[in-house]
Each structure stands twice: as structure tokens, then as C-alpha cells.
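Undergrad: Predicted structure and sequence below. I'll ask about it afterward.
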Amino acid sequence: MIVAHLDLDAFFAAVEELEEPSLRAKPLVVGGDPRGRGVVATANYAARRFGIHSAMSCAEALRRCPHAIFVRPRHAVYREYSRAVWTAVREVVPTVEQTGIDEGYLDIGEVARDFLAARRVANAVQAAVRGSTSLTCSLGVASCKVVAKVASDARKPGGITVVPAGREAEYLAPFAARKLPGVGPKAEIRLARAGIETVGRLAALEDAELTRLLPGKVGRMLRDRARGIDPRPLDLAVERISISQEETFERDVADREVLRAELRRMSEGVAKYLVSRGECARTVTTKVRYPDFAIRSRSTTLPAGIDDAETIADVACSLLDRALQDRPGPLRLVGVGVSALEAHRQLALG
Ligand code: TTP
Ligand code: MG
């Protein structure tokens, strides 16, 4: 396995700088009201030099840097940029597990045979992201997720860190234990009390002491990770191929309006999921089940992808009409699904 973890640099702040170039090079905080109880969502690197970081109170950020500029987050704008980023990434590396708006794992092994080629692919990904959005990102390339994730954070901003196979444990060893994904504040405290400050010390723990400090499966899992052992595959949920919702009624339903209302409700769930993944779908399917358990489904494939609840619902309802025309009668279940998923249409930037 060769996997990369990609993480955008100072994401919200970077977008704000692109949208308003006069902010560039000035300390910039995206977050709540510095005169209220808001917290910092993110700060650009100029602001980080003053010790400002995510989750700090904005009041404290203002104290640390009185001339910092504070802006409120504009999530809809960040989502648009995120979609453009992931579309660009998928053009270089098609198989991606997006784990957040600004981060995800890339199946580099699919396009690169060895770590040398993997570095070139990582460079190409960075160039594609920069070319499509002007945003910068950092990547870590390794044989497993945990090492890739730690490595993507190591040379921010704009860094690429490749940890070749066989070097995982050695690479992780000097990092602070809390840098290991999975080590939360509680585990960190327990480890620190026992003098375990680094990933390397965690990796070297004997069974008995490990069980004492971090009992159960979690302890063994964290020690494995500290050793650079992480069998997690990319999580390409089946939902990537299709997303659906269905509802079995307590009593069979014949009322067309009730069925339509159900489809509309479920279409909202489906659309929400699509939007959260930055994807849209070209095929909509309505599924019906009759009291005798017979199942019918009707699908339509559209010329362009959609991701809004209303359009999905409109298509789903007309498919319901078609199904009921072919076989009328009360229904035991209705469902709506979407497939032929694609990354959201490229947005024109600038
Ligand atoms: P991160 O990737 O953690 O941070 P970042 O991209 O701003 O900076 P870095 O260069 O260190 O990666 O989070 C991505 C976005 O998520 C970030 O821009 C803002 C948002 N966010 C919050 O809203 N609250 C938080 O506490 C954190 C950590 C992030
Ligand atoms: Mg980031």
C-alpha cells in the first residue's frame, strides 16, 4: 500500500486571503467575535507567529495580536473551494477517502509503483490543487494511514514528506506522543505520568506496562500505530457508488401524497449526504415494495449531476408515478437512491 494524506494549509484563512488579497501577509483570524465569546477556527501563518491557534478564544487572540484582522467564517465559500480541490485531486489520483473538508487519504499505489514515483504523484497533486484553486496543501506519503497523516503535518505549509516502507517506526519515534492520531488528551496524560513523552517510547512499551497504562484493545492498537503498523484500508464507503434511503411503513400506504412526502423527506437526507461529500449524482432511482414483497425500481439518468434535495425529489416522485402506473396498489416501502456519483462540477474561480 502507498497512501498519501493531504491537508490544506490554513484552509479557511487561505481562502479568505485569496478572496481578499489585501489580507495577505497580515495576521488574519477566522472565527468568532473577539469582543464576544468566539473561538478561533483557524489563523493564517502570520497570526500563528503570535501564538494564535485553532480553538483559542478570540479575545485571547486579540490580546496576543492587537492588530490582527478578524473575519467570520463563510462555510459556503469554503465548501465551494473544497469541492474544486477534491475534483482536482481526483484527476490525478482517482481513489480518495475524503475525511474532512480539507483533508483526506489518496490511494497513491494505484498510480505509482514505488516511493520515488509516489513523490512525483504528490508533486502533481500539489500542482493540480494550486492550479485549480491557488490553495496550497501538504502531503505525507507512507505505507499506511497513520504514518501518512503524521507526515502530512510535518512540513506545513506546502511540504511533502515521503516515509519509505521499512522506515515507519524510525520516522515516528521522535514525535511527541500526542501527535500520534488516536492518542487523545486522556491517553496523553496517562502516558506522560509514566514518563512516556514520545511515540518511540510508546512503541517500546512491554505488554505489562502497556496494559497498565492503556488497557484493552485501544492500548495495543496505539502501540501498533506507534510502531507504524496500521492495517486500515482506505474507507471507500459503498455510499460512494450509491446513496439511498428507504422507509418501510407500519401499514401499507396507498395515498400518493403521503408517498411523495416520504420521498421528499428522504431526498433531503440523500442530498445532504451528497453535499457533505462534495459530490453530485446523475442517476436517481425510486424503489417500491408491494404488500406481497415484490420489488420494483425505476431509474432516470440525467445529463448533468445534481445534488439538491428538490431536484432529486422531483425526479424521484415522477419515477414513483411511473412505477405505480406499471403496477398500481398500496406500498409497503418506498426508497430513493442516487448513483453515478461524480465530484461536484468544477467551479470557475476568479
Ligand atoms: P486544520 O487542517 O486542522 O487546520 P488548517 O487547515 O487551518 O491549518 P493547517 O495548515 O495546520 O492544516 O483544519 C481545517 C479547517 O477546519 C480550518 O481551516 C478551520 C476548521 N477548523 C475549525 O473550524 N476549528 C478547529 O478547531 C480546527 C482545528 C479547524
Ligand atoms: Mg488543514
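TA: Here it is on my side, so go on. Ligands and ions are numbered 1, 2, ... in the order given.
Undergrad: Residue 185 - how many residues pack around it?
TA: Counted by other CB atoms under 10 Å, the residues lying close to residue 185 total 8. C-beta here means a position set from N, CA and C on the backbone, and glycine is covered the same way.
Undergrad: Same check on residue 257?
TA: 8.
Undergrad: element containing it?
TA: helix 256-277 (DSSP states H and E).
Undergrad: Please pull up the helix or strand immediately following that helix.
TA: Next along from helix 256-277, by DSSP H and E: strand 279-289.
Undergrad: what about the strands in the stretch 101-250 of the chain?
TA: 103-107, 137-142, 160-162, 242-253 (DSSP state E, counting those that start in this stretch).
Undergrad: possible to save those strands as TSV with mean pLDDT and distance to residue 271?
TA: As requested, the strands of the stretch 101-250 of the chain are exported to TSV (pLDDT from 0 to 100; distance: least, CB to CB, whole Å):
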stretch	mean pLDDT	distance to residue 271
strand 103-107	97	21
strand 137-142	98	28
strand 160-162	98	36
strand 242-253	88	9
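Undergrad: and residue 40, what is it in contact with?
TA: By CB atoms under 8 Å, 6 or more residues apart in numbering, the contact set of residue 40 is 29-32, 52-58, 61.
Undergrad: Going by distance to residue 118, which of the residues you listed wins?
TA: Of all the contacts of residue 40, the one with the least separation from residue 118 (CB to CB) is residue 54, at 29.4 Å.
Undergrad: in the stretch 151-300 of the chain, what spans have low per-residue confidence?
TA: 237-241 (pLDDT under 70).
Undergrad: Now it against ligand 1: closest residue?
TA: Minimum separation of the stretch 151-300 of the chain from ligand 1 (CB to the nearest ligand atom) falls at residue 156, amounting to 4.8 Å.
Undergrad: Chain neighbours aside, what residue packs nearest to that residue?
TA: residue 138 (4.7 Å; CB to CB, 6 or more residues apart in numbering).
Undergrad: In this structure that neighbour contacts residue 149, no?
TA: No: Residue 138 is not in contact with residue 149 according to CB atoms under 8 Å; the separation is 11.1 Å.
Undergrad: contacting residues for residue 301?
TA: So residue 301 contacts 282-283, 340 (CB under 8 Å, 6+ apart).
Undergrad: Can you give me the distance of it to residue 176?
TA: 51 Å (CB to CB, to the nearest Å).
Undergrad: Can you list phi and psi of the residue in the stretch 251-350 of the chain that ligand 2 sits nearest to for me?
TA: Residue of the stretch 251-350 of the chain nearest ligand 2, by CB to the ion: residue 278 (15.7 Å). Per-residue torsions, residue 278: phi 70, psi 30 (degrees, to the nearest 10).
Undergrad: Kindly tell me how buried it is, as a neighbour count.
TA: Residues near residue 278, counting by other CB under 10 Å, number 19.
Undergrad: In space, what's closest to it - neighbours in sequence excluded?
TA: Per CB to CB, 6+ apart, closest to residue 278 is residue 83, 4.1 Å.
Undergrad: Pull the number of nearby residues for the residue of the stretch 151-300 of the chain closest to ligand 1.
TA: 16.
Undergrad: right, and it touches residue 9 too?
TA: Yes: counting by CB under 8 Å, residue 156 touches residue 9, with 5.8 Å between them.
Undergrad: Apart from its neighbours in sequence, what residue is nearest residue 329?
TA: residue 290 (5.8 Å).
Undergrad: if I pick the one you found, what's in contact with it?
TA: Taking CB under 8 Å, 6+ apart as the test, what residue 290 contacts is 296, 327, 329-332.
Undergrad: got a markdown table for those, with distance to ligand 2 too?
TA: Output for the contacts of residue 290, formatted as a markdown table (distance: CB to the ion, whole Å):
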| residue | distance to ligand 2 |
| --- | --- |
| 296 | 46 |
| 327 | 52 |
| 329 | 53 |
| 330 | 52 |
| 331 | 46 |
| 332 | 47 |
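Undergrad: Which ones among the residues you listed also lie next to ligand 1?
TA: By CB under 6 Å from any ligand atom, no member of these lies near ligand 1.
Undergrad: Any of these buried? List them.
TA: The neighbour count (16 or more other CB atoms under 10 Å) marks 331-332 as buried among those.
Undergrad: Might one say that residue 148 is in contact with residue 5?
TA: Yes: here residue 148 reaches residue 5: they are 4.0 Å apart, a contact under CB under 8 Å.
Undergrad: Common neighbours of those two, please.
TA: By CB under 8 Å, 6+ apart, the residues touching both residue 148 and residue 5 are 105, 140.
Undergrad: one step back: kindly reformat the contacts of residue 301 as a markdown table containing distance to ligand 2 and neighbour count.
TA: Output for those, formatted as a markdown table (distance: CB to the ion, whole Å; neighbours: other CB atoms under 10 Å):
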| residue | distance to ligand 2 | neighbour count |
| --- | --- | --- |
| 282 | 31 | 16 |
| 283 | 33 | 17 |
| 340 | 30 | 15 |
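Undergrad: can you list these in CSV and add distance to residue 40?
TA: What follows is these, written out as CSV (distance: CB to CB, whole Å):
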residue, distance to residue 40
282, 40
283, 42
340, 40
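Undergrad: Name the nearest of those relative to residue 266.
TA: Closest to residue 266, out of all of the contacts of residue 301 and judged by CB to CB, is residue 283, at 15.8 Å.
Undergrad: quick one: the residue of the stretch 251-350 of the chain closest to ligand 2 and residue 86 touch, right?
TA: Yes: under the criterion of CB under 8 Å, residue 278 makes contact with residue 86 at 5.4 Å.
Undergrad: That concludes my questions; thank you for your assistance.
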